[in-house]
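Q: what's the 3D shape of this:
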Amino acid sequence: MCMCLCFLRLCLLIYLFHVGTTFLITEQGYVDLLLNSVALAFILDLPSLLYIVLLSDSTKGVLDGAHTKEYETCLPARGIGHWLLSKAVWGLLVLPLLAYWVVFFNQDVNTGPLLEALRCACLQQGPNCEMATRSSRPLWDTYWNHIQGMFATNKGSLVSPQ
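A: Modelled structure (predicted):
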């Protein structure tokens, strides 16, 4: 039972981390990033907010003296296993490394190919840009000089000279 609950909470934590990080990574401006991080903090604080707003004062008074029931856990209580499950290790090591990995994964999978496609479309540059190999800058310079010459002499213009 304990392992099932731990697994379920871990799945929820991973899902919330993934969705929240994706939510924040996709923002382009600082204002949107700030507002969305406040929204994410609100989602994380929602249970305590619901407790404060929805419970009556008498119910809160009854719950003030409540204690959690002691139960035997199957998680390690001593040694390296306990250390690996501590909040300090998760907060200082695991979550920053996971955030670092998510940002670079997003860079490699989403942002990198998009920038490469834009570089190919706009500048005709890049290792996978087929347009760069088919047409070169001198070809386009010749083409645009020809077009400019046509319109300068008014042969290619739709408007007739006055």
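Q: next one: phi and psi at residue 76?
A: phi -70, psi 140 (degrees, to the nearest 10).
Q: Is it in contact with residue 86, as I believe?
A: No - Residue 76 lies out of contact with residue 86 (CB atoms under 8 Å); the separation is 10.6 Å. The C-beta positions use only the backbone N, C-alpha and C, and glycine is treated the same way.
Q: domain parsing for the chain?
A: Following automatic domain parsing, one finds the domains of the chain at 1-57, 78-153.
Q: Can you tell me how far residue 93 is from residue 87?
A: Going from residue 93 to residue 87 by CB to CB, to the nearest Å gives 11 Å.
Q: of the two, who's got more company?
A: It is residue 93, of residue 93 and residue 87, that has more neighbours when counted by other CB atoms under 10 Å, with 11 against 7.
Q: Pull up the gap between that one and residue 118, please.
A: For residue 93, the distance to residue 118 - CB to CB - is 36 Å.
Q: follow-up on the earlier one: turn the domains of the chain into a markdown table, columns for distance to residue 71.
A: Listed next are these as a markdown table, based on distance: least, CB to CB, whole Å:
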| stretch | distance to residue 71 |
| --- | --- |
| domain 1-57 | 8 |
| domain 78-153 | 16 |
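Q: As JSON lines, those domains with mean pLDDT and distance to residue 72 would be great.
A: Formatted as JSON lines, these follow (pLDDT from 0 to 100; distance: least, CB to CB, whole Å):
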{"stretch": "domain 1-57", "mean pLDDT": "81", "distance to residue 72": "8"}
{"stretch": "domain 78-153", "mean pLDDT": "84", "distance to residue 72": "14"}
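Q: Nearest to residue 63, out of those?
A: Closest approach to residue 63 among the domains of the chain is made by domain 1-57 (7.6 Å; CB to CB).
Q: And the helices in the protein, which stretches?
A: In the chain, the helices defined using DSSP state H lie at 2-25, 30-54, 57-64, 79-84, 87-89, 95-106, 112-123, 130-134, 137-152.
Q: Out of the domains of the chain, the one nearest residue 69 is which?
A: Relative to residue 69, the nearest member of these by CB to CB is domain 1-57, separated by 13.4 Å.
Q: Now residue 73: phi and psi?
A: For residue 73, the backbone dihedrals are phi -100, psi 150 (criterion: degrees, to the nearest 10).
Q: Check residue 71 too.
A: Residue 71 adopts backbone torsions of phi -140, psi 160, taken as degrees, to the nearest 10.
Q: Could you report the pLDDT at residue 75?
A: Note for residue 75: predicted pLDDT of 82.
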